[in-house]
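Undergrad: pasting the structure only:
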Ligand SMILES: O=C(O)[C@H](O)CO
């Protein structure tokens, strides 16, 4: 390729070491060291989970900080991103696993109440379209906390409000959603999720994602039963639409907050990366590029199922652009990469065998990897 190559860096974060914006910065430094005249554009991306607000802010949204209730019921500072009347709300900011202290889990009691408060704050700020990015959650409460914060009444058989968390949903007897914030009706909700699991069962929120939130097998079973009771009560209250929502793709995402959003916010489910690419103006940036560099911390089997690099590569391939990737660790075969539309992946582990050094020195290593990429691709 010539020296006037136009490169678009549309990579996700390297979880645990670099934000998506930092990935783009280091790749830019590496490319420029080899091809000083290359035109390099950055469009940090995310798929709805951790880093979604950062990506939106890097893409021109303004951050708005609010104090909300964290997953353990204690106050946390969380941000959403706002541009005009469009807000990007990332549930992990309010209810994320990363907000828990080290070695602390609360699988039965962690709440999404703060996510509801964050949505209310976005409505206060004038949002009429809310992209609700979900994933990376500490919770398995079916979005019950979120709906409660927005005005729903979830009561036990004595008529008392349920305590926080997924576990108590076993005791749910009545659900009244009539007092939900009236502004919700005039707001368009887009549920941006990276997974399509149903609410309950062997592929459900508790069975698949409960263990990563600290649930042992007994707790997984209890949470699954509690979510099933929650869905039964909502079906009794709201009819068959609630039952359809429980099996809809994404209902089991982020501890079932997907279900809460489908049922209570009338949200439209979409693959998170597709929503974010649209919001961030990916197509226009793609038009200006000859080569797209995507990536994330680990390029593995999961990447192929709705993660950001797969979405970026699919969009770029459809536009006839070449795509390569950078990553910390690579476990995909060349065939699998090509099947996803990625011609070649450059991994930090290819130049540094020790994974701990790869994490600690991710920035400088990524610059070296990007130099190699530029030499071979530009
Ligand atoms: O938060 C979670 O449960 C996982 O990221 C899947 O959405």
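TA: It's in. Note that the structure is a prediction, hence the values are computed from the model and not measured. Numbers count the residues shown, from 1 in each chain.
Undergrad: I figured residue 192 hits residue 55, correct?
TA: No: with contacts counted by C-beta atoms under 8 Å, residue 192 stays clear of residue 55, the gap being 11.1 Å. To be clear about C-beta, it is placed using only N, CA and C from the backbone, and glycine gets the same treatment.
Undergrad: Looking at those two now, which is surrounded by more residues?
TA: residue 192 (33 against 28; other C-beta atoms under 10 Å).
Undergrad: Which residues are in contact with the more buried one?
TA: 47-48, 52, 131-134, 270-272, 275-276 (C-beta atoms under 8 Å, 6 or more residues apart in numbering).
Undergrad: shared neighbours, residue 192 and residue 55?
TA: What both residue 192 and residue 55 touch, as defined by C-beta under 8 Å, 6+ apart, is the set residue 276.
Undergrad: three-state assignment of the nearest residue to residue 143 once chain neighbours are set aside?
TA: For residue 143, ignoring the flanking residues on the chain, the nearest one in space by C-beta to C-beta, 6 or more residues apart in numbering is residue 260 at 1.7 Å. Following DSSP: H, G, I helix; E, B strand; the rest coil, the label given to residue 260 is helix.
Undergrad: thinking residue 260 is in contact with residue 149, fair?
TA: No: taking contacts as C-beta under 8 Å, residue 260 lies outside contact range of residue 149: 10.7 Å.
Undergrad: Settle it for me: which of these two has more neighbours?
TA: More crowded of residue 260 and residue 149, by other C-beta under 10 Å: residue 260, with 33 against 22.
Undergrad: What ranges in this structure fall below the confidence cut-off?
TA: For the chain, applying pLDDT under 70 flags the ranges 1-3.
Undergrad: Could you list the contact residues of this structure toward the ligand?
TA: When proximity is defined as C-beta under 6 Å from any ligand atom, the chain approaches the ligand at 49, 135-137, 195, 209, 253-255.
Undergrad: Over to residue 142: give its phi and psi.
TA: For residue 142, the backbone dihedrals (degrees, to the nearest 10) come out as phi 60, psi 20.
Undergrad: could you say which helix or strand contains residue 78?
TA: strand 75-83 (DSSP states H and E).
Undergrad: Give me the packing partners of that strand, helices and strands only.
TA: Under the contact criterion of 3 or more C-beta pairs under 8 Å, 6 or more residues apart in numbering; DSSP states H and E, strand 75-83 touches helix 52-58, strand 62-69, strand 86-90, helix 91-95, helix 113-124.
Undergrad: buried stuff in it?
TA: 76, 78-82 (16 or more other C-beta atoms under 10 Å).
Undergrad: Likewise for stretch 81-97?
TA: For stretch 81-97, by 16+ other C-beta under 10 Å, it's 81-82, 86-97.
Undergrad: So what's the gap between it and the chain middle?
TA: 10 Å (C-alpha atoms, centre = their mean, to the nearest Å).
Undergrad: first to last residue in that stretch, what's the distance?
TA: 20 Å (C-alpha to C-alpha, to the nearest Å).
Undergrad: Let me see the contact set for the residue nearest to residue 143.
TA: Residue 260 neighbours (C-beta under 8 Å, 6+ apart): 112, 142-144, 146-147.
Undergrad: For residue 368, which residues are in contact?
TA: Residue 368 touches 30, 351, counting by C-beta under 8 Å, 6+ apart.
Undergrad: give me that answer again for 10 Å
TA: If you count contacts by C-beta atoms under 10 Å, 6 or more residues apart in numbering, residue 368 has them with 26, 30, 33, 346, 348, 351-352, 361.
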